[in-house]
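A.B. asks: after the sequence you'll find the predicted model.
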Amino acid sequence: MTETGSRGRASALLRGWDVLCDAATGLLFVGGAVFMFAMVVTRYGFAWSDPSVEIVVRYCMIWGTFIGISAGVRYGVNIRFTLIEHVLNDFGTRILRTLAHVVTLLIAAALAVSGYTLADETMMFNEVMPTALRWPVWPFHVSVCAGGVLLCIQLIRSIVDVWRPGEAPADDAAAAGTV
Amino acid sequence: MDILSASLLLAGSLAVLAIIGVPIGLALAASGAAYIFITNGVLPVSGGIMFSALDKTPVLAIPFFIIAAEILSRGGAIKRLVSAVDSLIGHLPGGLAVVAVVSTIIFSAMCGSSIATAAAIGVVVLPELIQRGYPQRFSLGLIAMSGGLGILIPPSIPLIIYGLVSNESIGKLFQAGIVPGLLFGLLLCAYVVVRTWTWRETRRVRARFAERRDALVAATDVLLLPVIILGSIYGGIFTPTEASAVAVVYALVITAAEYKRQGVRRFVTVIARGCITSAAILLVLAGAAVFGYAMTDSGIPQSLVNWITEQKLAAAGFLLAANILLIFLGMFLEVISALLITLPIFLPLIALMDIDPIHFAIVIIINMEIAAVTPPIGLNLFTLSAIGNVTVSEVFRGTAPFLVLAFFMLGLITYVPEISLVLVN
């Protein structure tokens, strides 16, 4: 396989991975909203409601949040202070952005460790949901660890992207047009 | 660890991390975690605090209202809303500028964010304002400032966050925002009418009955949404969280035809964008919980309470000091970060001063409206700068006259609590 071919394949894989993360985030949030809506309908329409639904929706949102954080880095929508970047030249901006990404990478790694410990402890104590469902809680606590890991992967990619030739990528909410 | 060292550690590490550009949510979490690690020797607890901060049902209202607003604004609903309002009052003094404010008030009753409101209204109204002959600077300033109504008129995301942190009823906080929001909207309309009185060329020809009827029929579904959201909350039918979920589904239904025309790819992009923006805001909420835990553990808020008690500061003086601090912080921090950083300090102080926490919430929100249009970090300025393709300083120059109105409003709301509390009481 040629170098260009393997690079193209890697790039396509990464794009696929991004689409998967975006789709998961969207599904978890919108699915949560639809579940919540369905609960309202069943409560008024059929006089039936299950508090477990509310908890499952909350957990969907939490999973969505921790997956979405890494996508937030990719789209430049995470809320950050960018004033210094605006007064620096292109090289200075790249240096500062690299520093920010490296420090964030360390924080993300700590988040992953913290999330792993949290999930490990709840698994060890066999913690379950406080409603009739009695589902174990650890699969939801794993979201913190997963979020940290996904963030680490995205930040490594962002560090590489910062040093790609061409203009430094737009990295604030307004510039990215995501507001 | 003594109070001074704890303050230096928390504030210093947060400032350094924020300045180098670490996302605020992670900077807050890291500063709090550093304190917890140094004082208690445990790091893993931070993940649990972040999880617990999000594991509350009212938090769901934040992403749901954001997603609903995103679906509506990109799905052509705002265009229909503005057309209906324009056909009704576009020929009156103030013309399209008043239409912009009235449309903002109506959209604010569906959307809880000032940036989203400014962006949604700005994309539709700004080109039309300029085309009808309104000065560009005036148009930019008007939309940037009126966008602030998005966080004052319920539903409001900062008010939901205030309710979560302070344990105040979100329904009551929403109620408290209605009168100040409408009052500020009226003030903006009055200013616009006076300012544009002689700009007769900007007024449109009075719409024919058939045109008005058609525009109103086309916008009926959009106009019903605020009625459904607010009516159901105050009618005791839905909680704010349930109302937000209903808003998402309703927004999907009323924009379905437009998204069918735009294509699936566009629809998925809009949904993903709304969800990822929600995740970014929830990250700040989760990170602030770790920071707040560290702050409370360090005893900083309690020391401040003791210090203020010793100074025998009156409530009026405290409110003035709080406003100055919030305006200063608002220049550098966006709304949610400023709110979450200051609340652990303010809440014990307002209890000490016997200030109604619901009234104080509205004072904070007006400050945050001002923050959204003050440089260097005024997000509404950035938004309008991107939409109008002009410099941020150009937008700020346009906003300056409206800022005078905002400061007047701040003084009024701060020292006449009845305005905020009239519906609550």
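C.D. replies: Alright, I've got the coordinates.
A.B. asks: got any ranges where the stretch 101-250 of chain B has weak pLDDT?
C.D. replies: For the stretch 101-250 of chain B, applying pLDDT under 70 flags no range at all.
A.B. asks: which residues in it form helices?
C.D. replies: Ranges of helices in the stretch 101-250 of chain B, per DSSP state H, counting those that start in this stretch, are B:114-131, B:136-146, B:157-166, B:170-195, B:209-234, B:240-262.
A.B. asks: centre of the chain to the shortest one, how far?
C.D. replies: Going by CA atoms, centre = their mean, to the nearest Å, the spacing between the C-alpha centre of helix B:157-166 and its chain's C-alpha centre is 11 Å.
A.B. asks: try stretch B:183-190
C.D. replies: 17 Å.
A.B. asks: stretch B:399-413 now?
C.D. replies: 16 Å.
A.B. asks: then stretch B:211-218?
C.D. replies: For stretch B:211-218, the distance to the chain centre is 30 Å (CA atoms, centre = their mean).
A.B. asks: identify the residues contacting it?
C.D. replies: B:80, B:83, B:84, B:86, B:87, B:88, B:207, B:223 (CB atoms under 8 Å, 6 or more residues apart in numbering or on different chains). For every residue, glycine as well, the C-beta is placed using N, CA and C.
A.B. asks: can you do 6 Å?
C.D. replies: B:80, B:83, B:84, B:87 (CB atoms under 6 Å, 6 or more residues apart in numbering or on different chains).
A.B. asks: CA-only coordinates of that stretch, as CSV, when you get a sec.
C.D. replies: Extracted in CSV, the C-alpha atoms of stretch B:211-218 (Å, rounded to 0.1, in the frame of the first residue of the first chain):
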residue,chain,number,x,y,z
GLU,B,211,-50.5,39.5,4.1
ARG,B,212,-50.9,39.8,7.9
ARG,B,213,-53.2,36.8,8.0
ASP,B,214,-50.9,34.6,6.0
ALA,B,215,-47.9,35.6,8.0
LEU,B,216,-49.7,35.0,11.3
VAL,B,217,-51.0,31.6,10.1
ALA,B,218,-47.5,30.6,9.0
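A.B. asks: in that stretch, what's buried?
C.D. replies: For stretch B:211-218, a neighbour-count test (16 or more other CB atoms under 10 Å in any protein chain shown) marks B:215, B:216, B:218 as buried.
A.B. asks: still on that earlier bit, need the contacts of stretch B:211-218 in a markdown table (columns: distance to residue B:365, pLDDT and secondary structure).
C.D. replies: A markdown table is the format used below for the contacts of stretch B:211-218 (distance: CB to CB, whole Å; pLDDT from 0 to 100; DSSP: H, G, I helix; E, B strand; the rest coil):
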| residue | distance to residue B:365 | pLDDT | secondary structure |
| --- | --- | --- | --- |
| B:80 | 28 | 92 | helix |
| B:83 | 30 | 92 | helix |
| B:84 | 28 | 94 | helix |
| B:87 | 32 | 93 | helix |
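A.B. asks: of all the residues you listed, which comes closest to residue B:336?
C.D. replies: residue B:80 (29.8 Å; CB to CB).
A.B. asks: what sits against the nearest residue to that closest one once chain neighbours are set aside?
C.D. replies: Nearest residue to residue B:80 in three dimensions, chain neighbours excluded: residue B:219, at 4.4 Å (CB to CB, 6 or more residues apart in numbering or on different chains). With contact taken as CB under 6 Å, 6+ apart, residue B:219 is in contact with B:80, B:81, B:84.
A.B. asks: burial of the last one, as a residue count?
C.D. replies: The number of residues packed around residue B:84, counting by other CB atoms under 10 Å in any protein chain shown, is 23.
A.B. asks: for chain A, what lies in contact range of chain B?
C.D. replies: A:22, A:25-26, A:29-30, A:33, A:36-37, A:40, A:54, A:58, A:61-62, A:65, A:68-69, A:71-72, A:75, A:77-81, A:83, A:99-100, A:103-104, A:107, A:114-115, A:117-118, A:144, A:174, A:178-179 (CB under 6 Å from any CB of the partner chain).
A.B. asks: among the residues you listed, name the ones in helices.
C.D. replies: A:22, A:25-26, A:29-30, A:33, A:36-37, A:40, A:54, A:58, A:61-62, A:65, A:68-69, A:71-72, A:75, A:83, A:99-100, A:103-104, A:107, A:114-115, A:117-118, A:144 (DSSP state H).
A.B. asks: and the buried ones among these, selectable in PyMOL?
C.D. replies: PyMOL command restricting those to the buried ones, with burial defined by 16+ other CB under 10 Å:
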select buried, chain A and resi 22+25+26+29+30+33+36+37+40+54+58+61+62+65+68+69+71+72+75+100+103+104+107+114+115+117+118+144
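A.B. asks: for chain B, which segments count as strands?
C.D. replies: For chain B, strands defined by DSSP state E do not occur.
A.B. asks: tell me the residue of it that sits nearest chain A?
C.D. replies: residue B:279 (2.6 Å; CB to the nearest CB).
A.B. asks: hang on, isn't that residue packed against residue A:67?
C.D. replies: No: here residue B:279 does not reach residue A:67: they are 7.5 Å apart, not a contact under CB atoms under 6 Å.
A.B. asks: which residues sit against the helix or strand of chain A with the lowest mean pLDDT?
C.D. replies: Lowest on mean pLDDT, DSSP states H and E among the helices and strands of chain A sits helix A:83-87, with a mean of 78. Residues outside helix A:83-87 that contact it (CB under 6 Å, 6+ apart): A:93, A:96, B:376.
A.B. asks: out of those, who's the most crowded?
C.D. replies: Going by other CB under 10 Å, residue A:93 tops those with 21 neighbours.
A.B. asks: who are the contact partners of residue B:254?
C.D. replies: residue B:221.
A.B. asks: what separation do you get for it and residue A:68?
C.D. replies: As judged by CB to CB, to the nearest Å, residue B:254 and residue A:68 stand 25 Å apart.
A.B. asks: go on, residue B:210?
C.D. replies: Distance from residue B:210 to residue A:68, by CB to CB: 46 Å.
A.B. asks: next, the contact list for the residue of chain A found nearest chain B, please.
C.D. replies: Here chain A gets closest to chain B at one residue, residue A:68, 2.6 Å apart by CB to the nearest CB. Taking CB under 6 Å, 6+ apart, we find residue A:68 in contact with A:25, B:275, B:276, B:279.
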